[in-house]
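Trainee: following is a predicted model, sequence given first.
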Amino acid sequence: MDNIVSETPLKKGAEASLYVLEWHGRKAVMKIRIPKKYRPAALDTQIRTYRTLHEPQFLHEAKAAGVPTPLVYLVNVPEATIIMQFIEGQQVKQLRCFAGAAA
């Protein structure tokens, strides 16, 4: 992962950790899928690989359907990592109009 100047933790979830970083002079988000110790190693690798490969494809399909999505800059399958565009603003779940929708 060359050209990463610094990284700051953004979110830690069950599936992945998100970091804000500077990558090739751009503000970006790095998503790292976390290995799960409770899964057999081969299964864990298969699941993380599948999800890392398919997430950019789903983002592309959403963009083609007119949904604003971040640009994907890099997909590193062996490390289960995706670097994508950082988009300023609130997270969707923090917006008032969606606050009651998840409940």
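Mentor: Done, it's in.

Trainee: C-alpha from now on. contacts and neighbour counts both.
Mentor: OK.

Trainee: now do the contacts for I32.
Mentor: 16-18, 79-82 (Cα atoms under 8 Å, 6 or more residues apart in numbering).

Trainee: return the member of those nearest to P56.
Mentor: Distances from P56 to the contacts of I32, taken as Cα to Cα, are shortest for I82 (8.4 Å).

Trainee: the closest one belongs to a strand?
Mentor: Yes: I82 sits within a strand when classified using DSSP: H, G, I helix; E, B strand; the rest coil.

Trainee: now the nearest residue to it once chain neighbours are set aside: how far from Y38?
Mentor: Closest residue to I82 apart from its sequence neighbours, by Cα to Cα, 6 or more residues apart in numbering: V75 at 4.6 Å. Distance, V75 to Y38, using Cα to Cα, to the nearest Å: 25 Å.

Trainee: more crowded one of the two?
Mentor: The neighbour comparison of V75 against Y38 (other Cα atoms under 10 Å) goes to V75, with 18 against 7.

Trainee: so what's the gap between stretch 66-73 and the chain middle?
Mentor: Chain-centre distance of stretch 66-73: 12 Å, with Cα atoms, centre = their mean, to the nearest Å.

Trainee: can you give me the helices in this protein?
Mentor: For the chain, the helices defined by DSSP state H cover 41-64, 96-99.

Trainee: deepest of these, which one?
Mentor: Stretch with highest mean neighbour count among those: helix 41-64 (a mean of 15; mean count of other Cα atoms under 10 Å).

Trainee: what is that helix packed up against?
Mentor: Helix 41-64 sits against strand 72-76, with contacts defined as 3 or more Cα pairs under 8 Å, 6 or more residues apart in numbering; DSSP states H and E.

Trainee: that'll do, ta.
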